[in-house]
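Asker: could you work out the structure for the sequence below:
(one chain, ligands or ions: 3)
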Amino acid sequence: MPATRNSQLLPTRAKRESGKDAILHSMHTILARYQLSENVTKLDVLSPRIAQIRQPGQFVMIRLGVHSERIPLTIADADPRGGSISLVIQAVGKSTNELVALQPGQCIRDIAGPLGHPTELISAGHALCIGGGVGTAVAHPIAQGLHRRGAQVTSIIGGRSKSAVIFELELRRFGPVFVCTDDGSYGRTGLVTDAAREVLAAGKVDLVYAVGPVPMMRAVAELTREFKVRTIVSLNPIMVDGTGMCGGCRVSVGNETKFACVDGPEFDGHKVDFAELSDRLASYREFERHAAKCAHGHRRTKTTNEHK
Ligand code: FAD
Ligand code: FES
Ligand code: MG
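Answerer: Ligands and ions are numbered 1, 2, ... in the order given. Coordinates of the predicted model:
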């Protein structure tokens with residue numbers, strides 16, 4: 001097993017008060033790791049209690065090590081029998097890069113959850129699930145939940161190019177899937193909203209779910225307003241504690257202040273103030289760039305030393 005900065009998190013041998021040696025295992029061992037695309041990784045993580053009770057739309061707060069920040073990640077799937085949950089992570093900065101570097105056998109220190117309200121699922125009628133980028137992994141448990149309840153599910157998923165398209169086969173189990181890529185390397189060329197316009201124009205859609213980058217969710221909400229179809233979006237503001245205490249995830253919905261961690265993360269897309277959400281997401285960019293740069297420097301120094 002490769003040595004990493006997080007090797008402190010591996011099962012450790014410790015002395016109990018009784019004085020006898022004991023093996024202390026962290027609960028959250030990585031059971032499997034899959035590279036879904038160049039910068040998206042799926043980790044199956046041991047977390048039996050959460051695997052039993054999680055519902056579509058819920059997320060967890062992850063803290064990789066003692067000194068790590070907490071970050072929110074959606075529970076993309078779960079195996080209640082095996083006691084594992086699946087996290088699908090796009091490596092964008094310090095914490096996500098550290099997480100995707102984990103290998104099977106290594107551990108995550110804390111996983112708190114399941115958090116947030118479960119998705120409002122319909123059990124009849126036609127639901128359109130739209131996922132952009134890593135948002136497709138978040139759309140997956142929603143489509144799964146809708147299918148289990150008996151709703152008709154159509155999915156539209158998008159990525160920059162073929163290699164960025166994820167969860168296509170998984171979503172096909174629940175109904176037709178339309179794939180869109182920006183460069184036309186797979187599926188149809190164009191944005192998910194182009195395909196969504198056609199599906200909305202072609203027939204009755206009772207509810208739309210949209211998960212992805214803020215501009216995408218905003219564009220979907222503008223489109224569905226035209227068609228007068230109710231639309232649920234999954235918001236991704238900065239979260240610190242995930243329990244309604246810090247105010248970091250404040251969003252404006254229908255001119256009311258909401259906290260996405262306890263009131264959401266899903267809201268009526270026609271009422272969300274997306275401009276404010278974009279602004280707030282960018283608040284700490286300088287700090288994030290600095291943290292990523294320091295982490296990169298640390299990794300390089302370590303690698304160089306390891307080769308000496
Ligand atoms: P940084 O360099 O610190 O930040 C990069 C960008 O990520 C920031 O500009 C900001 O827009 C966002 N971000 C940073 N810190 C946070 C934070 N504490 N909370 C939320 N956003 C942050 N990403 C996935 O890849 N997979 C998921 O399943 C997923 N589910 C999410 C569910 C919810 C409810 C929310 C709110 C976010 C989810 N995210 C998910 C986004 C993920 O939490 C951020 O990408 C991650 O925190 C970035 O951390 P970083 O240190 O690697 O990047
Ligand atoms: Fe602190 Fe929501 S993350 S209030
Ligand atoms: Mg960060």
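
Asker: and residue 276, that one's in a helix?
Answerer: Yes - counting by DSSP: H, G, I helix; E, B strand; the rest coil, residue 276 is part of a helix.

Asker: any idea how far ligand 1 is from the closest residue to residue 55 other than its chain neighbours?
Answerer: Of all residues not flanking residue 55 in the chain, residue 118 sits nearest, at 3.6 Å (Cβ to Cβ, 6 or more residues apart in numbering). Where you see a C-beta, it was placed from the backbone N, CA and C, and this is true even at glycine. According to Cβ to the nearest ligand atom, to the nearest Å, residue 118 stands 13 Å off from ligand 1.

Asker: check the secondary structure at residue 118 for me.
Answerer: Applying three-state DSSP: residue 118 is coil.

Asker: also residue 158?
Answerer: strand.

Asker: tell me the bridge partners for it.
Answerer: Beta-bridge partners of residue 158, counted by DSSP bridges, are residue 132, residue 180.

Asker: burial check on it, number of neighbours?
Answerer: 29 (other Cβ atoms under 10 Å).

Asker: for the residue nearest to residue 55, what are phi and psi?
Answerer: Per-residue torsions, residue 118: phi -60, psi 160 (degrees, to the nearest 10).

Asker: residue contacts, it?
Answerer: Listed by Cβ atoms under 8 Å, 6 or more residues apart in numbering, the contact set of residue 118 reads 55, 56, 57, 58.

Asker: roughly how far does it sit from residue 38?
Answerer: 32 Å (Cβ to Cβ, to the nearest Å).

Asker: remind me which residues of this protein are low pLDDT?
Answerer: 1-26, 284-286, 288-289, 292-293, 295-308 (pLDDT under 70).

Asker: center of it - which residue?
Answerer: Per Cα atoms, centre = their mean, the C-alpha nearest to the average position across the chain is that of residue 74, at 3.9 Å.

Asker: bridging residues for that residue?
Answerer: Beta-bridge partners of residue 74, as defined by DSSP bridges: residue 59.

Asker: quick check: it touching residue 139?
Answerer: No - counting by Cβ atoms under 8 Å, residue 139 is not a contact partner of residue 74; they are 9.5 Å apart.

Asker: next, count neighbours for the residue in the stretch 51-200 of the chain positioned nearest to ligand 1.
Answerer: Using Cβ to the nearest ligand atom, the single residue of the stretch 51-200 of the chain nearest to ligand 1 is residue 93, 2.0 Å away. The number of residues packed near residue 93 is 16, by other Cβ under 10 Å.
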